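A.B. asks: Compute the structure for the input listed below.
(2 chains)
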Amino acid sequence: MNWSTSLRVFLAHGGRDFLAHKTLTLLNIAALAVGVGAIVAIQTVNETALRSFRASLDLVAGRPDFTVEGQGFRLPESLLPILRADPAVREATPVLQVVASLPAHPGEFLHLVGVDPFSNGELVTYRLEDALKNPADAIAFVSEPDTIALTRRLAERLGLKIGDTLRAVHGGRETTLRVRFLLEPSDDLVGADDHLALADIATVQSRFQLGGQIDRIETILRTASPAEKETVRQSLTERLRPRLPAHARAGSPDRRGREVERMLGAFQLNLTALSLIALVVGMFLVTNTVAANVARRRSEFGLLRALGLGRRALTILIVAESLLLALAGSILGVWAGLEVARRLLGTVASTVTSHYVLLSMRDVTVTPASLIGAVVAGLVAAALAAWWPAREAARVPPVDALQFGHISDRAVARFNRFLLPAVISFAAAGLFSLTALHGGLPQTGFLAALGVLLAAAFTAPLVAHALARVRPARIPAWILARSFFLRGLHRHSLAAAALAVSVGMALGVAIMVHSFRVTVDRWIGESIRADLFIAPSTNLIAGSLEPLDPEAETIATALPGIRAVGSYREIRLFLDGAPAKLAACKLEVLKTCNPLPILSSLPGDPYELCQNGEYAFVSENFSHRRHLKPGDTVSLPTPNGLRPIQVAAVFRDYTTESGLILLDRAIYQKITGDLNLTSLALHLEPGTPVQPLIDSLRAQLRPRGEFLIYSQSALRDEALRIFDRSFAVTELLRTLAIGVAALGVTLSLTALVAERTREIGVLRATGARRGQVLRTIMAEAGYLGATGISLGAITGFVVALVLMRVINRAFFGWTIDWHTPWPLLGSILVFVFLVCLLAGLPPSLRASRLSPAEALRSE
Amino acid sequence: MTMEKPWRKGRGALAFGFFRFPPLATSALHPSSLLCLVVSLMLGGETVSAGPNPEIWAKATVPWSWQFPRDHGAHPEFKTEWWYLTGNLQDKVGNPYGYQLTFFRHGLQPVPTQTGSAWAVRDIYFGHLALTDGKNRRFCFSEKLGRGALGEADFATRDCSVRLDDWSLHRTGESVFEMKALAPDEKFGLELAARPVKPAVFHGNGGLSRKSAAPGNASHYYSFTRMETKGELLIGDQRIPVTGLSWLDREFSTSALAGDQEGWDWFCLQFDSGEELMLYRMRNPGDRTDPSSSGTWIPKSGLAVPLNNDGFHVEALGRWKAPGGKVYPSGWKISVPSLNLEGEVQPLVADQELRLRRIGNLRYWEGACTFRGTRNGKPFSGRGYTELTGYATPIGQGMKE
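C.D. replies: Below is the predicted model:
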């Protein structure tokens, strides 16, 4: 026997059985489709996010060899001649970007990029479309004071035509811009943010009074070969170092992309891990189906073996059959995954924007490689899942196989063998937790979660058996169902395992999200004491940290009934290669009106330390991840050099994932020279009505641009809205996993009903009514559901523990107080149980409709 | 020295024409390059109102009151200006080389409209560099472009001191023009010093070279037709000491030309006898010679003698097919009956076409040539430069108005 024989048998044989058992086949395909679909959806969204980010970056900057950029603060343009004079540099071009709100178009903004068209020739990746049609205007790009180029999509959305003007506000400076060109990105940059607008660098500097400032210098190097580039880059970085300000970062532009990828990494890993769990659940189902198949077609396989088909060939035959199904399921999954991804884009984009970087995605972009990858994952999963039952089937001697009713009961006695793997999985989970927390391998946290789920899966047969031992009431359907369930354990164990894994994951995520939400909510209640908050609207829409109109502070301070005006400045920077936020506020206001939840501090009053010297508060997650205690020093890169800042205290904070350093405003302004503000917090005299103040603020600020004005409760709602949005995808995946598990119940029962057709026929022939058969099979579904749910409930708590205390700690460093959402858990469990019963309904109905005569004749 | 109009459409016309691409020509090229759009148009000069008020630029209406060294420097009150150097050189063993180095300044607006930014553009600057290696029959070219912000370019007004990035041309106290330019890819470059051995030749009426009947459509224009040159050429990793002769054209103006020409063939010849000849043939549709074509004979004394269209004949002898299929004439028979001068101009290397991209698709042929012929029946030889425009990329719309 050889491969070609297998192939011939397969071709002649494989499809026939699928056609004969359409329901089973379809369920199987659906299960895999959901698994693969989840992977594709998440992969696509992740890829789209990264690609969109890179495309936006490339559209602005092209693909330079070397980049110098200011982090947190802008760079002086005087650096440009230094770069241009370097022998390694062939071209150097400046970039200056601002995010401007558009008073006439609430909710929209411009990501306006100032470029030098004379020196960026080798880097441009766009073209000014209408300049070609109306060339006389092209000069306007550099010579007219207000000319910009808009993307066609944004122009259409804003209803703007060439020649129209547009009011834009940035940092309290309002200006009028004229749309003179439409911007067409080159083909490979489709997906870039359509808020991008281009102008000459002189236009951006003069319109927004940013003379002398730039954000980046993009450079093309003189190198003969790409291989030399890295060496040249390194030596150039070395040469430049003494001449660059401390906050300038020089190096390969890929680095920025890589950093963002790393920044998004935790977020994306999270989603990827969850999507993989959907596939793992799918694998259980495949195993289950194949096992069912094998059992049902025992005599058929026995015949094949008797006719001379080898063991190996039979194994291959069975695996190949399941691969055929997997292929259909995977293709369906790819399609479904892309559809889901399209619907998720907006949510993910706004999550990434509010946590990391400005991201706008309009359509999915995905590489064929990752789609093929997902299909392959589906196929491999199916092959692995089918391998075990296939091998079992092939081991049965042909004589036994041809004998009827031999194998079914064999599994019952052997479920104890899963105890050891369960213990091992659980131990592995513990080990991985340790490596995640203390071994510097945060990714292993996900393995710990997987270990817990696997342990649950291995425990499933034990739990099922334990449950089945409970003596039922003397209702015939129940007694029969129990015995069915016990004898079907070889099949049900897998369905129960899948169910337990899904339920465990769903509950774990639910507990974690709930705990996190309650923690954040309480923290907001405790730590946000101000009554009103003011910020530029772009900071919400575009996720940027654009400066607030300084006039807003004057206006706010002059309002009646104000006790104090707290100011807040925040910038993003990289410290030792990892992102962090640097913030400054009036600590005096904070101390009296809104003391920080301090966890540990230097002796003495940390506020006073920070107000009088170069001391800072750092957030808990910052201190965790960088192993900093009060008294330790952080080096802050500023335009005035590296400034060592001592940690005065650690405080609890949930505003940023990357960690926060908080300075007093005066100290911050002294060491950085940055006088801008990001937002204001207004503390009112007790008893001052809030609404009239908001109205008055709105009236005074409206002519100055678009502002966000939040009351305390509105800010809380907004924070929780962002929170909920951040976990929207997580919750969706949770639901998906339950869906797959429910399919498993149907699948398991359908298989068993098929297996027991004869038995059911005997029951019916001996007088069982249809309703009784229906109730019996439904009760069996109940047993199955109860097993999965009870095991899943316990698993859920362990998973939650891993998520909160291991994965969260390792990746994010938050403190999450444990809050069990009992009502939510209860409703999830009831929901899943109902889903199980519902899933049991089709096979039950099928069983009850079997005509006794036909059932007895079958097989 | 008051030759009326022999230079009417001299180098000024050439230089203008180079950059006048019809808009569609630019789109066919480097679609992603904004520069090609901006610059090709900016250089359209009179056809595009670049600044808010083009009237503010000074116009050439009366002969310039020449003052040197001031007038070797830039004249920012005029819109357009250039320093145009070409020359034939040889190394120690007599191998021939040619070079071209050109600096242009073009004003966009007399006063920048963007305030508070060092990037605000008043003028844009560009440079062309080309080297011809006669022995190895090689030709290489390069270009530079900039807005001059943050010291990127420095075109002084007190004397000839012109720099664009690291390309420069300076006049020393001894009236030697020192130039230095290295192609950005560092594959070739030059470092030369050129000393005028004849006084400046002023074209038109005391240097006022009229371009059309309308007053103000003229330029201020002078040349050094014979400059002893020595220095080094860099080709590959070789530094080659060279000596030879250069020719410098200086012109500044605000209004450009009008005309329906398709292009022009321009020759400057420096004879071994110490005399020079410049011929300029404007081409009308169907390769007909425009009556405005003209020339100049500069005897040893330096006193220029104008030649009008009837005073010389140029006949193409061969053809050269440029990459891309466009065809240039190559090799000419030239005769000036009034001087009893006759001979053949042959390019040192057939391919001396500059194919530039930074300012749109700009292609023109500017190359070192040799002359062999007779004067008054006796053998007469020399070397020079030839410029051919409008063959590969059309000259701009502006020229046709």
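A.B. asks: Which residues are in contact with residue 69?
C.D. replies: Defaulting to chain A. Neighbour list for residue A:69: A:75, A:215, A:216, A:217, A:248, A:249, A:250, A:256 [criterion: CB atoms under 8 Å, 6 or more residues apart in numbering or on different chains]. For every residue, glycine as well, the C-beta is placed using N, CA and C.
A.B. asks: not what I meant, chain B
C.D. replies: Residue B:69 touches B:158, B:159, B:160, B:171, counting by CB under 8 Å, 6+ apart.
A.B. asks: let's see it at 7 Å
C.D. replies: Residue B:69 sits next to B:159, B:160, B:171 when contact means CB atoms under 7 Å, 6 or more residues apart in numbering or on different chains.
A.B. asks: The last one against residue B:177, yeah?
C.D. replies: Read it as residue B:171. Yes: the pair residue B:171 / residue B:177 is scored as a contact, 5.4 Å apart, by CB atoms under 7 Å.
A.B. asks: Report the set of residues contacting both of the two.
C.D. replies: residue B:160.
A.B. asks: Now do residue 109: how many residues are near it, please.
C.D. replies: Here I'm looking at chain A. By the measure other CB atoms under 10 Å in any protein chain shown, the count of residues near residue A:109 is 28.
A.B. asks: if you could check chain B rather than the one you did, that'd help
C.D. replies: That count, for residue B:109 with other CB under 10 Å as the rule, works out to 24.
A.B. asks: again, but for residue A:853
C.D. replies: Other residues close to residue A:853 by other CB under 10 Å number 10.
A.B. asks: Confirm it sits in a strand?
C.D. replies: No: Residue A:853 is assigned helix when assessed by DSSP: H, G, I helix; E, B strand; the rest coil, not a strand.
A.B. asks: For it, give its distance to residue A:760.
C.D. replies: According to CB to CB, to the nearest Å, residue A:853 stands 12 Å off from residue A:760.
A.B. asks: One more: residue A:442?
C.D. replies: 52 Å.
A.B. asks: For those two, indicate the residue with more neighbours.
C.D. replies: Neighbour count, other CB under 10 Å: between residue A:442 and residue A:760, residue A:760 has more, with 26 against 20.
A.B. asks: Residue A:464 touches residue A:491, doesn't it?
C.D. replies: No: here residue A:464 does not reach residue A:491: they are 10.5 Å apart, not a contact under CB under 7 Å.
A.B. asks: quick one: which of the two has more around it?
C.D. replies: For residue A:464 and residue A:491, the more surrounded residue by other CB under 10 Å is residue A:464, and the numbers stand at 28 against 25.
A.B. asks: which non-adjacent residue is nearest that one?
C.D. replies: What sits nearest to residue A:464 in space, not counting adjacent residues and going by CB to CB, 6 or more residues apart in numbering or on different chains, is residue A:787, at 4.3 Å.
A.B. asks: Quick check: what element follows the strand or helix carrying that neighbour along the chain?
C.D. replies: Assigned by DSSP states H and E, residue A:787 falls within helix A:770-801. Where DSSP H and E defines the elements, the next helix or strand beyond helix A:770-801 is helix A:808-811.
A.B. asks: Could you list every helix and strand that that next one packs against?
C.D. replies: Helix A:808-811 sits against helix A:419-438, with contacts defined as 3 or more CB pairs under 7 Å, 6 or more residues apart in numbering or on different chains; DSSP states H and E.
A.B. asks: what is the mean pLDDT for the next helix or strand after the helix it packs on?
C.D. replies: Sequence-wise, the next helix or strand downstream of helix A:419-438 (DSSP H and E) is helix A:444-469. Helix A:444-469 shows a mean pLDDT of 86.
A.B. asks: count of neighbours near the residue of the stretch 451-600 of chain A found nearest chain B?
C.D. replies: Closest residue of the stretch 451-600 of chain A to chain B, CB to the nearest CB: residue A:547 (17.3 Å). Neighbours of residue A:547 under the rule other CB under 10 Å: 19.
A.B. asks: Assign a three-state SS to it, would you?
C.D. replies: Reduced to three states by three-state DSSP, residue A:547 is coil.
A.B. asks: tell me the phi and psi of residue A:563?
C.D. replies: Backbone torsions for residue A:563, taken as degrees, to the nearest 10, come to phi -90, psi -50.
A.B. asks: Can you point out the buried residues in stretch A:418-426?
C.D. replies: A:418, A:422, A:425, A:426 (16 or more other CB atoms under 10 Å in any protein chain shown).
A.B. asks: Low-confidence ranges, the stretch 301-401 of chain B, go.
C.D. replies: In the predicted model, the stretch 301-401 of chain B carries pLDDT under 70 at residues B:358-360, B:395-401.
A.B. asks: Next one, pLDDT for the residue in the stretch 301-450 of chain A positioned nearest to chain B please.
C.D. replies: Residue nearest to chain B within the stretch 301-450 of chain A: residue A:365 (20.5 Å; CB to the nearest CB). What the model reports as pLDDT for residue A:365 is 70.
A.B. asks: A helix includes it, no?
C.D. replies: No: counting by three-state DSSP, residue A:365 is located in no helix; its state is coil.
A.B. asks: In a helix, residue B:129, correct?
C.D. replies: No: counting by three-state DSSP, residue B:129 is not part of a helix but strand.
A.B. asks: ok, how many other residues are close to it?
C.D. replies: So residue B:129, with other CB under 10 Å, has 25 neighbours.
A.B. asks: repeat for residue A:241
C.D. replies: Using other CB under 10 Å: residue A:241 sits among 10 other residues.
A.B. asks: Chain B versus the residue nearest to it when sequence neighbours are not counted, what's the distance?
C.D. replies: Leaving out its chain neighbours, the residue that sits closest to residue A:241 by CB to CB, 6+ apart is residue A:250, at 7.7 Å. Distance of residue A:250 to chain B, computed by CB to the nearest CB, to the nearest Å: 18 Å.
A.B. asks: still on that earlier bit, for residue B:171 and residue B:177, indicate the residue with more neighbours.
C.D. replies: residue B:177 (23 against 20).
A.B. asks: How about residue A:594, nearest residue that isn't a chain neighbour?
C.D. replies: Using CB to CB, 6+ apart and skipping the chain neighbours, the partner closest in space to residue A:594 is residue A:529 (3.9 Å).
A.B. asks: how would you label the one you found: helix, strand or coil?
C.D. replies: Per three-state DSSP, residue A:529 ends up coil.
A.B. asks: isn't it right next to residue A:592, touching?
C.D. replies: No: with contact defined as CB under 7 Å, residue A:529 does not reach residue A:592; the gap is 10.0 Å.
A.B. asks: max-length strand in chain B?
C.D. replies: Counting residues, the longest strand in chain B under DSSP state E turns out to be strand B:218-235.
A.B. asks: what lines up beside it in the sheet?
C.D. replies: strand B:188-196 (antiparallel), strand B:201-202 (antiparallel), strand B:208-210 (antiparallel), strand B:238-253 (antiparallel) (DSSP bridges).
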